[in-house]
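J.: Mind folding the following:
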Amino acid sequence: MGGHLNINHLMFLGQGALWTIGLSVIALIGGGIVGFVIALARISPLKSVRIASAVYVQLIQGTPLLVILFLGYFGLAAIGLKVSPLAAAGASLTLYVAAYLGEIWRGCIQSVPKPQWEAAEGLALSRTQRMLKVILPQAIRIATPPTVGFMVQIVKNTSLASVVGFVELMRSGQIVNNSLFEPFAIYAIIAVIYFAMCYPLSLFSQRLERRMGRGRSNLAPA
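T.: I've put the predicted structure just below:
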């Protein structure tokens, strides 16, 4: 690389954008799986499980993602456990996303109207059956808009993975800038790429929220 900004530099930034999307998908899937377990643990009938899950959520939400990334990469290396930048970034973002999605989904589960819970109990369903057949289908519909909206934060937070050497979009921009020394042009392009990835998600989330609002108003008693 060198000289003026050209198609090769743009292709390199494009590759970084693809890795940003890939890391976002890893974080969403991993965080979604762990977050679902956290959400269920937060409403568990067992007090010890509720406390343990609440401690996890408060600990992760109270710790900057940058610190989690440092601990996942440099901290493990300090005790002799070497992990790749991708593994460290993926695991750190998974833990981070799980704490937030777990709380989002817990709130959505608990926002299912109380009569629905009582009706499920009246049918003599077990707790597992109540959750699977009555509560979760409704909670999923409620949770979709905020989950899509949170995906915007996931995409933007992947930029912090550059601190552990993972070459996503931000790190790609740093590498190109170190070669060309044109920070304004390069970071302007990066901003446009992030906007192109995040804005459609924001619009989709808003559209889902409006659709849900109309659905609730239609179901409201006259």
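J.: how close does Pro85 get to Leu18?
T.: According to Cβ to Cβ, to the nearest Å, Pro85 stands 16 Å off from Leu18. Where C-beta positions appear, they are placed from N, C-alpha and C, glycine not excepted.
J.: Who has more neighbours out of those two?
T.: It is Pro85, of Pro85 and Leu18, that has more neighbours when counted by other Cβ atoms under 10 Å, with 19 against 13.
J.: what's near enough to touch that one?
T.: Contact analysis of Pro85 by Cβ atoms under 8 Å, 6 or more residues apart in numbering lists Tyr73, Ala161, Val164, Gly165, Phe166, Val167.
J.: Buried subset of the residues you listed, written for PyMOL?
T.: Paste this into PyMOL to select the buried members of those, with burial taken from 16 or more other Cβ atoms under 10 Å:
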select buried, resi 73+161+164+166+167
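J.: Next, give phi and psi for Ala124.
T.: The phi/psi pair for Ala124 (degrees, to the nearest 10) reads phi 60, psi 30.
J.: Over to Ser44?
T.: Torsion angles, degrees, to the nearest 10, at Ser44: phi -70, psi 150.
J.: Once you drop chain neighbours, what's closest to it?
T.: Closest residue to Ser44 apart from its sequence neighbours, by Cβ to Cβ, 6 or more residues apart in numbering: Arg50 at 5.4 Å.
J.: Show me what whatever helix or strand the one you found lives in is packed against.
T.: Applying DSSP states H and E as the criterion places Arg50 in helix 47-61. The contact analysis (3 or more Cβ pairs under 8 Å, 6 or more residues apart in numbering; DSSP states H and E) places helix 47-61 against helix 7-42, helix 85-110.
J.: what does the following helix or strand past that helix contact?
T.: As assigned by DSSP H and E, the chain's next helix or strand after helix 47-61 is helix 65-70. Outside helix 65-70, the residues that touch it by Cβ under 8 Å, 6+ apart are Ile60, Ala88, Ala89, Ser92, Leu93, Leu95, Tyr96, Asn157, Leu160, Ala161, Val163, Val164.
J.: pLDDT below threshold where in this protein?
T.: Counting by pLDDT under 70, the ranges of the chain that qualify are 1-3, 213-222.
J.: again, 80 this time
T.: Along the chain, segments meeting pLDDT under 80 span 1-3, 118, 120-121, 124-125, 209, 212-222.
J.: Name the nearest residue to Asn177, ignoring sequence neighbours.
T.: Ile186 (4.8 Å).
J.: Quick check: Ile193 touching Leu18?
T.: No. Applying Cβ atoms under 8 Å, one finds Ile193 not in contact with Leu18, separated by 10.6 Å.
J.: Tell me which other helices or strands the strand or helix carrying Pro137 touches.
T.: Per DSSP H and E, Pro137 falls inside helix 136-157. Under the contact definition 3+ Cβ pairs under 8 Å, 6+ apart, helix 136-157 sits against helix 7-42, helix 85-110, helix 183-219.
J.: still on that earlier bit, nearest to Arg207, of the contacts of Pro85?
T.: Nearest to Arg207 among those is Ala161, at 29.3 Å by Cβ to Cβ.
J.: show me the contacts for that closest one.
T.: Leu23, Leu69, Pro85, Ala89, Leu93, Glu168, Met170, Arg171.
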